[in-house]
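Q: I need the structure of the sequence given here:
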Amino acid sequence: MTVLEAADVHKRFGGVVALAGANLELAAGEVHVLIGANGCGKSTLCKIITGSVFADRGTIRLDGRAMRFRTPSEAARAGVGVFYQELSLIPQLTVAENLFLRRPPRSRAGLVDRRRLRREASRALERFAGAIGDIGPDHLVADLSADQRQVVEILKVLVDEPRVILFDEPTAALDNRQVEVFFDLVDALRREGRSIIFISHRMDEVFRIGDRVTVFRNGESVATMHIADTDKDEVVEKMLGTRIEAVERRRDAPKAADVAMRAEAIGGTHFDDVSFDLRRGEILGLGGLHGQGQSSLLRALFGADNAFSGSVAVGGEVYRPRGPRDAIRAGVAYVSGDRGRDGVFPVRPVFENFVAALLTRRRRARLDRRALSAEVGAVGDRLKLRAASLDALISELSGGNQQKVVIGRWLVNEPRILLLDDPTKGIDLNTKSDLYRILDELCMEGVSVVFYSSEERELLANADRIAVFNGGRVVDLLEGERVSELNLYRAAFAAEGH
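A: The predicted model follows:
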């Protein structure tokens, strides 16, 4: 019996098509997995079902009746609960207060029954007993670790005892023991007759917990299959489409075998046991789904995050930056895709944004503006920068031109190694083309690049080799003829750690 149905759902956000005809049927007592690449529409459909987002077109039916929830609270009252990737806990409140924030137990006088609140919170926490340490109902959420907060968010959904539950990547921050406890819990919910939509990027989870799987691609639900009747390769092929087009390579692999950077078994926040050799003049791509440790690795190598374990050498010398200043002086540069947070000084002129890193590398508090103007101007011309003048505020430039200034900052600094963290995010095609050209020129000059991109085809077209991340580890290294879209997807969606 169908409990929940989404039919021909469409949604645009400005010029971006998030859903272009998504369909889904959820049966009673079923775990229905949704899988697909980043941005393919899975989470948007869940938000539409639960009232966080309104569809432009389409129908949502619950028990055969057309529904349009205006808020998640309204959906919850109808028996539909949802766990989102973005946690909704209030750090200043206790675990118990967060668990029952929507409907706290009350006394006959209408006041919150604190004793009963603690008792019911303790009962809820017992579901993860032995897997989340000694946290209790009176612990502040602000004091919990990331995995403990994730568990509390899961339990917050379950205490309402919904009959339809949407889980959007609930295992992302959990360790292996917690994942197993969670799956046991899902199995119990299924036996109780509850219906579950489960979004995951991990192929092993799809086949461990699902009854059916629906594959999303470019905003559409392209296939629904019974788990017992399919395999991982078929799911990956559906995600890619029946026709796998070759991606035109922009450049030949470098001939030089010199190692510019060597990392051996390094670990840090969100990544572990990562090893690689970065050759001189090479672009080493970091592939895999978003949030698998790629950005954390780049920030750690630049000294912007906590110190890493393991060892790194740059140019044959030990490299362990205590902060970005050490990295800059070692000839290591970093470009973030989040230029607003990590890139530009918005209230300062273009010139000052260009030379910011140069002050650090040359160990000076001030530089000769006249001597540098010609050099900065030449870099601007090389980047095809469009700005009224070097004295214009960088905030007056377009997003693409701001990113050119951030990149130009490091060209002035003449780095040996360039760390790129999704640098083309949110910029136009012409600016992307200019960036690719500059990367080719830098590699010809002997600069080495570590390049993470959330766009698979961008990696395939520009990287000489691709280290594919899954669960914070490198699970495959694609080079030569193995650099392909199919191999990239297979590794990215493989069982974690294999």
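
Q: Any stretches of the stretch 351-498 of the chain with poor pLDDT?
A: Scanning the stretch 351-498 of the chain with the threshold set as pLDDT under 70 gives 353-369, 371, 374, 398-399, 426-430, 495-498.

Q: all helices of it, in order?
A: Counting by DSSP state H, counting those that start in this stretch, the stretch 351-498 of the chain has these helices, from start to end: 369-382, 399-413, 429-444, 456-462, 485-492.

Q: Val235: which of these is closest?
A: When those are compared by CB to CB, helix 485-492 sits nearest Val235, at 9.6 Å. C-beta: built from backbone N, CA, C; applies to glycine.

Q: For the closest one, buried residues please.
A: 485, 487-492 (16 or more other CB atoms under 10 Å).

Q: For Ala109, state which of those is nearest.
A: Nearest to Ala109 among the buried residues of helix 485-492, with distances taken as CB to CB, is Ala492, at 55.5 Å.

Q: Helix or strand with the lowest mean pLDDT in the chain?
A: When each helix and strand of the chain is scored by mean pLDDT, DSSP states H and E, helix 339-342 comes last, with a mean of 60.

Q: And the closest residue to Leu488 other than its chain neighbours, how far from Arg118?
A: Using CB to CB, 6 or more residues apart in numbering and skipping the chain neighbours, the partner closest in space to Leu488 is Gly287 (5.3 Å). Applying CB to CB, to the nearest Å, the value for Gly287 to Arg118 is 47 Å.

Q: likewise Leu411?
A: 60 Å.

Q: When the two are compared, which one has more neighbours?
A: Leu411 (23 against 18; other CB atoms under 10 Å).

Q: so who does Arg190 touch?
A: By CB atoms under 8 Å, 6 or more residues apart in numbering, the contact set of Arg190 is 29-31, 196, 211.

Q: Most neighbours among these, which one?
A: Neighbour tally across the contacts of Arg190 (other CB under 10 Å): the maximum, 26 neighbours, falls on Val31.

Q: quick one: contacts for that residue?
A: Applying CB under 8 Å, 6+ apart, the residues contacting Val31 are 186, 190, 196, 198, 209-211.

Q: Quickly list what it is bridged to.
A: Taking DSSP bridges as the rule, Val31 bridges to Ile196.

Q: Quick check: it vs Val213, distance?
A: Val31 is 10 Å from Val213, where distance means CB to CB.

Q: One more: Ser311?
A: Counting by CB to CB, the gap from Ser311 to Val213 is 41 Å.

Q: cool, Ala188 as well?
A: 21 Å.

Q: Would you mark the buried spots in stretch 424-441?
A: Neighbour-count burial for stretch 424-441 [16+ other CB under 10 Å]: 424, 427, 431-432, 434-436, 438-439.

Q: give me the number of residues near Gly323?
A: 11.

Q: same deal with Glu192?
A: 10.

Q: again, but for the one 10 residues further on
A: Neighbours of Arg202 under the rule other CB under 10 Å: 21.

Q: State the pLDDT value of it.
A: Turning to Arg202, the model gives it a pLDDT of 76.

Q: who's in contact with Phe183?
A: 208-209.

Q: swap the cut-off to 6 Å and go again
A: Ile209 (CB atoms under 6 Å, 6 or more residues apart in numbering).

Q: before we move on, back to that, higher neighbour count, Ser311 and Val213?
A: Val213 (24 against 14).

Q: does that one have beta-bridge partners, and which?
A: Val33, Met225.

Q: Val157 is in contact with Trp81, correct?
A: Slight slip there: residue 81 is Gly, not Trp. Yes: with contact defined as CB atoms under 6 Å, Gly81 reaches Val157; the gap is 4.4 Å.

Q: between those two, which one's more packed in?
A: Gly81 (22 against 19).

Q: by contact count, what packs against the helix or strand containing that one?
A: Assessed by DSSP states H and E, Gly81 sits inside strand 80-83. Packed against strand 80-83 by the contact rule (3 or more CB pairs under 6 Å, 6 or more residues apart in numbering; DSSP states H and E) you find helix 146-158, strand 164-168.
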